[in-house]
Structure formats: C-alpha cells, structure tokens
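J.: Any chance you could fold what I've pasted below:
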Amino acid sequence: MKHILPTFLTYIALITLALSLCAKPSTSHSLIIDDSTGLSVPPGFEVDLVYKVDKKKYGSWISMTFDKQGRLVVSDQYKAGTFLIDLPYVGQTL
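T.: Numbering: from 1, shown residues only. Model prediction:
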C-alpha cells in the first residue's frame, strides 16, 4: 500500500511530460517587420525609432534604461563606454 502513491505520482508525471512534449507550439502568431527599425513585432504593436545609433561613435549597445530625469542611459558591449542621451520631445530632432 505504501508504494501505490509514489507509483501513481510517477505515472502522472510521465504522462504529463509525454503530453507536453507532444504539444505543438501555436503558429497563429505572425510577425510584421517594421521598416524603420528592422524589428519584428506582432500585429497591432507600434514601434517608434527614438534614436538611431552612430556605431562609430557610440558602438553597439547591449543595455538600455532611463534615469530619473528621463534621459536614455545606454552601455556599449565593447569599449565605447556608457552614455546619457537627452531624448527630444515628439516632433523634435536632436
């Protein structure tokens, strides 16, 4: 009687694993490539290009956040450094 519960739970775990491996991922999600950024986004999403990086000057960015003043804080993956960028208001340019 002691071995019934562990055996039952083992069978349930194996059946659950087998069913999860057989499940096919949903392919109903199509992506749209945004021409201004090159990003692939689901339909209905909007992408705004707020800053185009000059790779020679700023390198290749790997991290990005905002500080308390609303500036963009970015860091390069090589030796270009960390940068604070004041973003323009909508409709303005840098």
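
J.: After the longest helix seen in the chain, which helix or strand is next?
T.: Counting residues, the longest helix in the chain under DSSP state H turns out to be helix 4-22. Sequence-wise, the next helix or strand downstream of helix 4-22 (DSSP states H and E) is strand 32-33.

J.: which helices and strands sit right next to that next one?
T.: Here strand 32-33 touches strand 40-41, going by 3 or more C-beta pairs under 8 Å, 6 or more residues apart in numbering; DSSP states H and E. Using the backbone N, CA and C atoms, a C-beta is placed for each residue, glycine as well.

J.: Now residue 42: phi and psi?
T.: Backbone geometry at residue 42, expressed as degrees, to the nearest 10, gives phi -70, psi 150.

J.: Check residue 82 too.
T.: Backbone torsions for residue 82, taken as degrees, to the nearest 10, come to phi -110, psi 140.

J.: That one contacts residue 75, correct?
T.: Yes - the pair residue 82 / residue 75 is scored as a contact, 4.7 Å apart, by C-beta atoms under 8 Å.

J.: okay, those two: which has more neighbours?
T.: Set residue 82 next to residue 75 and count neighbours by other C-beta atoms under 10 Å: residue 75 wins out with 14 against 9.
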